[in-house]
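[1] sequence-free structure coming up:
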């Protein structure tokens, strides 16, 4: 067997060596700071300086000034709960290059004693040798947008819980409305519940409030609305509906604010036309080929379109889903060299394990729950369409099952 040519693998940007580094082992009320610099004695030896800093704005700001004065090139912050935020945000604002790292990936060294001081020194040593892979932290405008979209998701989930509580209350009153209507929050369902709260108990009159296609189920509605709905059920139902209405108002306010924030982002408002499909800009072409953008089709307008509209062209992705994707991934796709890198970062593909001639796969990992949640909803919606994506889902589901087909 002849000699094979060696493969050249260039270092990534974060893998370069640094002379002056800082690492912070984060706790709730303080952080253990370690700075490693050359000894200054003319030798190649290096010196570690370790001290404790309180996790307050003023203390961290003062630390930032000291690190700038020391000409620190890279700062590593351990991602412990939400306690890392004050260190990352303040030091980043001081003009330092800060990276966030997952503690689970950097501290698994067997036989190493576990103390905060030794942890900070270990992080600093890994930082100066370029052995830490930083976590993705979006810029400040995207972080603000992310806070709004995540709050909207949380409030939407909370509103769903209140609808579930209302359904349980109706079951307690022997009203089986949910067995006839597809959802509790339809206009017809809301009218019937409001009538029950107002004192109406006649099944015929309640069923007469049905709208649209539900009118055809009049007989079923009469049976479902026959029960024992009394005053205490009405009082509790009123409280639940008021909570639902309050949450709906807050969700609408957040949606308006999200639209304002996205429109204020130049990259989102004036997305370039004609990007390659692997950057998430196109809808499905329907012919089994690559997705193409609607504005790239023959006769389509070449006017630059907002990023939300371009994402909305993709089957399964709605305007709300597109807003969440922008908030979680950002608009700077240079962080992800290819679409495969983005999928791997989102933990939507299995981890590759290769040893010799054997190839296997490991667990994908947890990933970003907000991003994975909306992508799962988008995949489920696209699976019901007559597009390439829908055909692919139906082809894979036969041999791999629904969950794996959705992820694929």
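    Right, received. Where do you want to start? Keep in mind that what you see is a predicted model, and the values were worked out from it rather than measured. Numbering: from 1, shown residues only.
[2] and the end-to-end length of stretch 172-181?
    Using CA to CA, to the nearest Å, the end-to-end distance of stretch 172-181 comes out at 18 Å.
[3] so what's the gap between that stretch and the chain middle?
    Relative to its chain's centre, stretch 172-181 lies at 35 Å (CA atoms, centre = their mean, to the nearest Å).
[4] again with stretch 170-178
    36 Å.
[5] for residue 165, which residues are in contact?
    Residue 165 is in contact with residue 240, counting by CB atoms under 8 Å, 6 or more residues apart in numbering. From N, CA and C alone the C-beta is placed, and that goes for glycine too.
[6] host element of it?
    helix 140-172 (DSSP states H and E).
[7] could you identify the helix or strand that succeeds that helix?
    helix 187-198.
[8] what is that following helix packed up against?
    helix 203-207, helix 231-263 (3 or more CB pairs under 8 Å, 6 or more residues apart in numbering; DSSP states H and E).
[9] how close does residue 139 sit to residue 20?
    Using CB to CB, to the nearest Å, residue 139 is found at 25 Å from residue 20.
[10] ignore what I typed, I meant residue 87.
    Using CB to CB, one obtains 18 Å as the distance from residue 87 to residue 20.
[11] again with residue 382
    Applying CB to CB, the value for residue 382 to residue 20 is 49 Å.
[12] what about these two, which has more around it?
    residue 382 (20 against 16; other CB atoms under 10 Å).
[13] ok, now which ones touch that one?
    314-317, 389-390, 393.
[14] JSON lines for those residues, including neighbour count, pLDDT and distance to residue 209?
    Formatted as JSON lines, those follow (neighbours: other CB atoms under 10 Å; pLDDT from 0 to 100; distance: CB to CB, whole Å):
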{"residue": "314", "neighbour count": "24", "pLDDT": "84", "distance to residue 209": "38"}
{"residue": "315", "neighbour count": "20", "pLDDT": "86", "distance to residue 209": "36"}
{"residue": "316", "neighbour count": "20", "pLDDT": "85", "distance to residue 209": "34"}
{"residue": "317", "neighbour count": "24", "pLDDT": "86", "distance to residue 209": "35"}
{"residue": "389", "neighbour count": "21", "pLDDT": "83", "distance to residue 209": "39"}
{"residue": "390", "neighbour count": "18", "pLDDT": "82", "distance to residue 209": "37"}
{"residue": "393", "neighbour count": "21", "pLDDT": "80", "distance to residue 209": "38"}
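[15] filter those down to the ones in helices?
    389-390, 393 (DSSP state H).
[16] which residues of this structure score low on pLDDT?
    1-3, 7-16, 41-43, 105-112, 268-304, 354-357, 362, 364 (pLDDT under 70).
[17] now the strands for it?
    Secondary structure of the chain (DSSP state E): strands located at 21-26, 30-38, 46-54, 74-78, 98-101, 351-355, 358-362.
[18] deepest-packed of these, please.
    strand 21-26 (a mean of 28; mean count of other CB atoms under 10 Å).
[19] what strands flank it, and is each parallel or antiparallel?
    Using DSSP bridges, the neighbouring strands of strand 21-26 in the sheet come out as strand 30-38 (antiparallel), strand 74-78 (parallel).
[20] run through who's touching it.
    Against strand 21-26 from outside (CB under 8 Å, 6+ apart): 31-36, 53, 55, 67, 70, 72-80, 83-84, 87, 116, 119-124, 126-128.
[21] repeat that for 7 Å
    Contact partners of strand 21-26, identified using CB atoms under 7 Å, 6 or more residues apart in numbering, comprise 31-36, 67, 72-78, 80, 83-84, 87, 116, 119-120, 123-124, 127-128.
[22] tell me the angle it makes with strand 46-54.
    Inter-element angle recorded for strand 21-26 and strand 46-54: 40 degrees (by axes from the mean of the first three to the mean of the last three CA atoms, to 10 degrees).
[23] sorry, back to before: output the ones in helices among the contacts of residue 382 as a markdown table; include the columns distance to residue 359.
    Shown next, in a markdown table, are those (distance: CB to CB, whole Å):
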| residue | distance to residue 359 |
| --- | --- |
| 389 | 27 |
| 390 | 30 |
| 393 | 25 |
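[24] ok, these vs residue 335, which is closest?
    For the ones in helices among the contacts of residue 382, the minimum distance to residue 335 (CB to CB) is 24.9 Å, reached by residue 389.
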